[in-house]
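Chemist: Got a predicted model here, sequence first, then my questions.
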Amino acid sequence: MLFRSKAPLRIGLAGGGTDVSPYSDEFGGIILNVTLSLYAHTTIEFIDEPKIIIESIDKKETQSFELTTTLPIDGTLDLVKGVYNRIQKDYPFTVSGFKISTKVDAPAGSGLGTSSTLVVSILGAFKEMLKFKLNEYEVAHYAYEIERTDLALAGGKQDQYAATFGGFNFMEFSANDKVIVNPLRIRQDYINELENNLVLYFTSSTRESATIIKEQQKNVLEKNVKSIEAMHHLKDQAKRMKEALLMGQIDTIGEILDYGFQQKKDMASNISNDAIEKIYHAVKKAGATGGKISGAGGGGFMIFYCPKNTKHKVIETLETLGGTIKQYSFTKHGLTTWTISN
């Protein structure tokens with residue numbers, strides 16, 4: 001039997017960073033994001049050997065272990081091992097041997113929520129195999145606990161919920177890990193126009209998001225007024241983005257993105273850099289009205305809003321800057337799992 005899952009990656013359109021504790025615990029956070037036709041994939045299959053084999057197809061890494069209920073967390077393929085260890089603790093199971101394979105459609109550290117989405121996908125494959133019952137909120141929170149508590153990886157809360165729910169969502173975060181996901185009912189022609197005008201660009205660099213996030217957390221703990229005020233403004237940006245999408249004010253989205261990008265740079269150092277600023281100024285000169293760095297910042301993917309027919313000139317400009325245009329479409333569905341006989 002093959003137990004498969006896929007969970008979509010996401011782009012944050014507004015409010016980025018306000019889902020990170022302690023800011024979200026003290027002030028409440030708001031994020032507006034949307035999932036893409038880029039996925040984290042997982043397959044679990046039974047094998048004849050009494051072993052546990054873990055394979056990352058995109059990273060070209062493989063590890064093999066004797067049957068055990070606890071795999072070593074040693075810096076290699078830890079997301080898979082963290083999920084397995086937690087499930088063995090909460091839902092103990094015995095098999096003669098199995099292989100778990102993963103693949104992500106974007107590089108780690110590229111700002112599309114790859115790590116958290118992969119955790120959701122791995123969790124989904126085990127959920128499919130073991131048939132345990134968790135709803136969307138429970139899957140997302142379980143994935144968050146594994147990544148943030150069990151594996152002690154710094155980050156926010158939005159990615160696990162985006163990957164699990166899918167679609168356009170306006171998310172609210174508050175103390176005690178409370179999250180409310182509000183799916184947005186946006187007219188299809190508004191979605192089509194946004195999809196047509198939004199360019200997704202990989203800068204060909206990745207970064208360690210934890211460093212930026214830890215500085216952001218430190219700034220909140222130390223009551224850094226500039227950083228906290230920036231996060232307040234990003235919450236306002238999320239409300240403006242929601243209104244623009246629901247009311248069809250699509251050509252204001254570039255300005256809303258630009259406003260958020262300027263605010264985000266005040267949250268922590270290294271969110272932007274000379275290379276990112278060069279790209280940003282070049283695309284605005286080519287006709288984009290705004291954009292942002294995806295995820296924590298520092299590198300990875302950027303998005304740009306290009307009204308009318310300006311995206312063609314923007315794409316021509318981007319192609320001279322050393323990165324890659326990534327084709328995508330928006331998706332309506334989150335985590336999907338299924339079983340097939342092999």
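Modeler: All right, it came through fine.

Chemist: Which helix in this protein has the most residues?
Modeler: The helix that spans the most residues within the chain, counting by DSSP state H, is helix 225-247.

Chemist: and that one, which residues are buried?
Modeler: Buried residues in helix 225-247, counted by 16 or more other CB atoms under 10 Å: 227-228, 230-231, 233-238, 240-242, 244-245. The C-beta positions use only the backbone N, C-alpha and C, and glycine is treated the same way.

Chemist: repeat for stretch 299-318
Modeler: Quick answer for stretch 299-318 (16+ other CB under 10 Å): 299-307, 310-311, 314-315, 317-318.

Chemist: Closest one to residue 51 out of the residues you listed, please.
Modeler: residue 300 (35.0 Å; CB to CB).

Chemist: So for the closest residue in space to the closest one that isn't next to it in sequence, what's the pLDDT?
Modeler: In this structure, residue 300 finds its nearest non-sequential neighbour in residue 111, 3.3 Å apart by CB to CB, 6 or more residues apart in numbering. The per-residue pLDDT reported for residue 111 equals 86.

Chemist: Over to the one 5 residues further on?
Modeler: Note for residue 116: predicted pLDDT of 96.

Chemist: Within the helices and strands, which one has it?
Modeler: helix 114-130 (DSSP states H and E).

Chemist: just checking, what packs against the next helix-or-strand element following that helix?
Modeler: On the C-terminal side of helix 114-130, the closest following helix or strand by DSSP H and E is helix 136-144. Applying 3 or more CB pairs under 8 Å, 6 or more residues apart in numbering; DSSP states H and E, we find helix 136-144 packed against helix 114-130, helix 158-165, strand 178-183.

Chemist: average pLDDT across the helix or strand just after the second one?
Modeler: Next along the chain after helix 158-165, taking DSSP H and E as the criterion, comes strand 168-174. Predicted confidence along strand 168-174 averages 97 (mean pLDDT).

Chemist: Name every sheet partner of strand 168-174 and say whether each one runs parallel or antiparallel.
Modeler: strand 29-46 (antiparallel), strand 178-183 (antiparallel) (DSSP bridges).

Chemist: Of all the residues in that strand, which ones are buried?
Modeler: Residues of strand 168-174 classed as buried under the neighbour-count rule (16+ other CB under 10 Å) are 168, 169, 170, 171, 172, 173.

Chemist: Next up, the contacts around the third one.
Modeler: Yep, that's residue 170 we're talking about. 30, 31, 32, 182, 184, 238, 242 (CB atoms under 8 Å, 6 or more residues apart in numbering).

Chemist: what sits opposite it in the beta ladder?
Modeler: Bridge pairing for residue 170 (DSSP bridges) gives the partners residue 32, residue 182.
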